[in-house]
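Participant: Sequence first, then the predicted structure, then my questions.
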Amino acid sequence: MKTLKTFIIGLIIGALLGFWTGYNKGRGAGIFSNPFKERTVTEKLKTSFGEGVEKAGKNIEQMGKDLKDKMEK
C-alpha cells in the first residue's frame, strides 16, 4: 500500500511539473518561469510579428514556385 501511495504521489508531482515546463516551453518562456505571469505587450508583439514574418515568407516562397511553374509551361 505504501508503494502504491508513493507511486501515485510521484505521478501527480511529475504530471504537474511536466505541465508547468511544457506550457512555458510552448510560450517561449524560461522552463521554470511562472506560467501564470501576464505577458507584456512587447512580448505579445514579438510573437505576433514573428508569426507574421513566417507566414509572409511561406507565401513568397509559394508565389515563387507558382511563377516558376508558369514559366516552364
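Facilitator: Perfect, I can see it now.
Participant: What distance do you get for the residue sitting nearest the centre point of the chain to residue 35?
Facilitator: Geometric centre of the chain, nearest residue: residue 26, 2.9 Å, by Cα atoms, centre = their mean. Remark: distance between residue 26 and residue 35 (Cβ to Cβ, to the nearest Å) = 10 Å. Using the backbone N, CA and C atoms, a C-beta is placed for each residue, glycine as well.
Participant: repeat for residue 16
Facilitator: From residue 16 across to residue 35, the span is 11 Å (Cβ to Cβ).
Participant: Neighbour count for those two, which is higher?
Facilitator: Neighbours were counted for residue 16 and for residue 35 using other Cβ atoms under 10 Å; residue 35 has more, 14 against 10.
Participant: roughly how far out does the helix ranked longest in the chain sit from the chain middle?
Facilitator: Ranked by residue count, the top helix of the chain under DSSP state H comes out as helix 41-72. In terms of Cα atoms, centre = their mean, to the nearest Å, the centre of helix 41-72 is set 19 Å apart from its chain centre.
Participant: packing partners for that helix?
Facilitator: Using 3 or more Cβ pairs under 8 Å, 6 or more residues apart in numbering; DSSP states H and E, no helix or strand is in contact with helix 41-72.
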